[in-house]
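Novice: Test case, fold it:
(one chain, ligands or ions: 1)
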Amino acid sequence: MYRTHTCGHLRITDVNRIVTLSGWVQTIRKFGAISFVDLRDRYGITQLLFGEELQPLLDVHPLGREFVIQVKGFVQERENKNAHLATGDIEVLVSEFDILNTALVPPFTIQDDTDGGDDLRMKYRYLDLRRNVVKKNLELRYAITRSVRNYLHEQSFIEVETPFLIKSTPEGARDFIVPSRMNEGQFYALPQSPQTFKQLLMVSGYDRYFQIVKCFRDEDLRADRQPEFTQIDCEMSFVEQEDILNTFENMIKRIFKDVKNLDYEEPIERMSWEDAMWRFGIDKPDTRFDMELTNIKTLFQNSKSKSYPELIAGTDFPVFNQAETVIALVAPECGFYTRKQTDELTEWVKRPQIGMQGLVYIKCNADGSYKSSVDKYFDEEKLQAIAETCGARAGDLILLLAGKEEKTRKAAGELRLEMARRLNFRNTETFKLLWIIDFPLFEYDDSSNRWVARHHPFTAPKKEQIAVMLNNDPSIKNAENYLAHPFAEIKANAYDLVLNGNEVGGGSIRIFQKDLQEKMFTALGMSKEDAMQKFGFLMNAFEYGAPPHGGIAFGLDRLCSIIGGSESIRDFIAFPKNNSGRDVMLDAPSTIEDEQLKELNLQWRGK
Ligand code: ASP
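Specialist: As a prediction, the model looks like this:
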């Protein structure tokens with residue numbers, strides 16, 4: 001028997017027991033003729049004491065870090081107890097030991113605070129996984145998936161596996177392609193999600209499906225994306241949006257309860273996409289803090305209470321006069337910002353990722369006076385009017401951005417997050433959930449002058465807008481004025497779940513009628529033949545009694561990282577890829593043998 005107990009098991013009540021332990025040597029400390037060894041396994045660390053009589057043997061068979069050993073011994077109370085260790089009251093006085101395997105000196109220390117950099121740890125991920133912090137992350141992930149499975153099982157969901165080798169379809173991200181040896185010249189694709197399969201399962205009558213499943217997207221990796229990632233993928237029949245929101249609101253609350261012992265009691269707030277964009281400049285707002293945006297241009301134009309319209313119109317500040325929109329953000333208690341700090345913020349908004357021309361600031365001084373970067377154009381009264389309009393108080397700093405509506409809104413949203421970071425509003429241990437609903441069904445793509453599906457092509461429009469979709473020609477005659485097209489107004493029956501400013505889930509009520517699905521493909525610029533060739537299986541299925549259905553998918557990796565309080569999803573994946581999509585441990589992707597290429601009748605053309 002290799003062990004009677006694990007290294008995390010023994011307590012003061014076990015004193016005098018004879019035990020056998022097996023594990024890895026974490027540290028060796030020699031004091032004269034005796035040595036202390038910390039023995040580690042998945043469950044913890046136990047201190048071993050090698051007495052004088054074992055020294056000759058240890059001299060012949062010295063232990064090293066990460067050696068795998070087995071010891072037999074006697075549990076005794078420790079003289080110097082370690083309150084930080086669960087087993088810290090006892091130690092094992094070793095009578096026999098056996099080296100089960102030796103180990104090379106690990107390239108980094110196997111400790112919470114390791115000296116190993118990212119690349120090194122990824123290359124030796126199996127050693128990194130021995131570290132307590134990484135192990136805790138995988139345990140959290142398991143706790144979350146267990147909670148999900150328990151909850152969905154109780155709700156009569158059935159987990160069904162769907163294939164990984166499927167057909168390449170054009171929508172969304174780029175597919176990973178797998179050549180077929182048996183079908184020369186033909187290729188499979190790896191699924192970007194099991195979307196069409198879960199819909200087919202609804203047609204088959206499995207009215208509550210889920211799957212914790214890998215998805216594959218060959219995208220240029222933005223920070224913290226993985227080419228393969230895991231979704232909690234779900235679908236239900238005979239449901240409306242309300243049913244889905246309720247079912248999965250309870251699921252996420254159950255996760256918090258099971259994993260964090262946290263009672264998330266209040267109902268999850270729901271916000272329309274339109275509201276989110278105007279109030280926060282982003283479709284996944286972090287609502288743990290306020291700092292809402294104010295569109296002062298329209299406010300000024302609409303305000304009846306004061307003669308605000310003249311305030312902006314009456315100044316000669318061309319930047320505001322000519323801008324489609326002017327958005328204000330109030331940074332609380334930042335009125336003390338120095339010139340250097342405001343200059344730095346100006347540079348920040350001018351970065352290419354943000355792309356604004358500049359930034360106007362108004363400092364609301366403690367004495368009620370104002371100081372701004374546009375004092376030349378705005379007198380005290382006007383500055384005060386702006387401050388009142390956006391709810392700024394003495395001591396606050398108002399930041400103003402002006403320009404095209406969409407771009408300015410987005411930039412203001414980014415600036416809001418940046419200020420929140422600087423003000424430490426985002427580093428809290430709190431969790432804030434939010435549903436975003438009423439997304440536009442279509443988005444305009446100016447590179448191809450056509451509509452693209454904002455969510456995916458299977459998402460249904462709001463019931464009352466189905467006619468708008470069926471009865472209008474999707475083509476866009478006037479690209480400049482695409483917002484005037486009836487399609488721009490159509491709202492989707494889609495929803496996202498946002499946690500602390502991150503999209504953790506998204507889904508929709510689906511189209512389940514063949515004619516509407518056909519119209520959708522046409523609207524997205526697909527010919528009838530093309531649509532049939534790519535999605536014929538789904539449209540045919542819709543002719544054999546498809547029930548109304550809808551679903552949602554959650555990004556498991558991201559959910560774990562937020563609940564685990566980390567920025568990086570990689571910390572929660574056992575064997576992740578790096579930012580270039582490489583597995584540095586396997587050294588993949590890699591070239592393949594000529595023989596393999598020949599079998600597939602493929603040839604690498606070189607660059
Ligand atoms: N399949 C969708 C996605 O991966 C989620 C859904 O609509 O259920 O984004």
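
Novice: residues in the protein within reach of the ligand, list them.
Specialist: Taking CB under 6 Å from any ligand atom as the criterion, the chain approaches the ligand at residues 193, 195, 506-508, 551-553. All C-beta spots, glycine's among them, are computed from the backbone N, C-alpha and C.

Novice: if we go to 5 Å?
Specialist: Neighbours of the ligand within the chain, by CB under 5 Å from any ligand atom: 193, 195, 507, 551, 553.

Novice: Helices - which of the residues you listed land there?
Specialist: residue 195 (DSSP state H).

Novice: from the residues of the chain next to the ligand, which would you call buried?
Specialist: 193, 195, 507, 551, 553 (16 or more other CB atoms under 10 Å).

Novice: List the residues that contact the first one.
Specialist: It refers to residue 193. 213, 215, 231, 233, 553 (CB atoms under 8 Å, 6 or more residues apart in numbering).

Novice: Quick check: phi and psi at it.
Specialist: phi -170, psi 160 (degrees, to the nearest 10).

Novice: what's the pLDDT at it?
Specialist: pLDDT for residue 193: 96.

Novice: same check, this time on residue 275
Specialist: With respect to pLDDT, residue 275 has a value of 96.

Novice: Just the element for it, please.
Specialist: According to DSSP states H and E, residue 275 maps onto helix 273-280.

Novice: Give the next helix or strand downstream of that helix.
Specialist: Heading C-terminal from helix 273-280 (DSSP H and E), you reach strand 294-295.

Novice: That following strand pairs with which strands?
Specialist: Strand 294-295 has its sheet partners listed here by DSSP bridges as strand 325-331 (antiparallel).

Novice: Remind me what the helix or strand just after the partner strand packs against, helices and strands.
Specialist: As assigned by DSSP H and E, the chain's next helix or strand after strand 325-331 is helix 339-350. The helices and strands touching helix 339-350, judged by 3 or more CB pairs under 8 Å, 6 or more residues apart in numbering; DSSP states H and E, are strand 397-403, helix 405-422.

Novice: Residues contacting helix 339-350, please?
Specialist: Where contact means CB under 8 Å, 6+ apart, the residues beyond helix 339-350 that reach it are 337, 354, 356-359, 361, 373, 397, 399, 401, 411, 415, 418.

Novice: quick one: which of the residues you listed has the most company?
Specialist: residue 401 (28 neighbours; other CB atoms under 10 Å).

Novice: how close does that one sit to the ligand?
Specialist: Using CB to the nearest ligand atom, to the nearest Å, residue 401 is found at 31 Å from the ligand.

Novice: For residue 359, see how far away that residue is.
Specialist: Residue 401 sits 6 Å away from residue 359, going by CB to CB, to the nearest Å.

Novice: Worst mean pLDDT across the helices and strands of the protein, which element?
Specialist: Lowest by mean pLDDT, DSSP states H and E among the helices and strands of the chain is helix 309-313, with a mean of 51.

Novice: okay, the helices and strands packed on helix 339-350 in JSON lines with mean pLDDT next?
Specialist: Shown next, in JSON lines, are these (pLDDT from 0 to 100):
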{"stretch": "strand 397-403", "mean pLDDT": "96"}
{"stretch": "helix 405-422", "mean pLDDT": "96"}
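
Novice: Comparing those, which comes out most buried?
Specialist: Counting by mean count of other CB atoms under 10 Å, strand 397-403 has the highest mean neighbour count of the helices and strands packed on helix 339-350, with a mean of 25.

Novice: What strands line up against that strand, and which way round?
Specialist: Strand 397-403 has these strand partners (DSSP bridges): strand 325-331 (antiparallel), strand 360-364 (antiparallel).

Novice: Could you export the ones you listed as CSV, including distance to residue 276 and mean pLDDT?
Specialist: Compiled in CSV, those are given as follows (distance: least, CB to CB, whole Å; pLDDT from 0 to 100):
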stretch, distance to residue 276, mean pLDDT
strand 325-331, 14, 95
strand 360-364, 24, 96
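
Novice: Make TSV from these and add distance to residue 497 to it.
Specialist: Listed next are these as TSV, based on distance: least, CB to CB, whole Å:
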stretch	distance to residue 497
strand 325-331	25
strand 360-364	35
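
Novice: quick one: the helices in the stretch 451-600 of the chain?
Specialist: Per DSSP state H, counting those that start in this stretch, the stretch 451-600 of the chain carries helices over the ranges 466-471, 514-523, 528-541, 556-563, 594-600.

Novice: Can I get those helices in TSV including mean neighbour count?
Specialist: Converted to TSV, those look like this (neighbours: other CB atoms under 10 Å):
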stretch	mean neighbour count
helix 466-471	14
helix 514-523	18
helix 528-541	15
helix 556-563	23
helix 594-600	12
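
Novice: Residues in contact with the longest strand along the chain: which ones?
Specialist: Secondary structure of the chain per DSSP state E: the longest strand is strand 18-31. Residues from elsewhere that reach strand 18-31 (CB under 8 Å, 6+ apart): 1-7, 10, 35-41, 45-46, 48, 63-75, 92, 100, 103, 110, 130.
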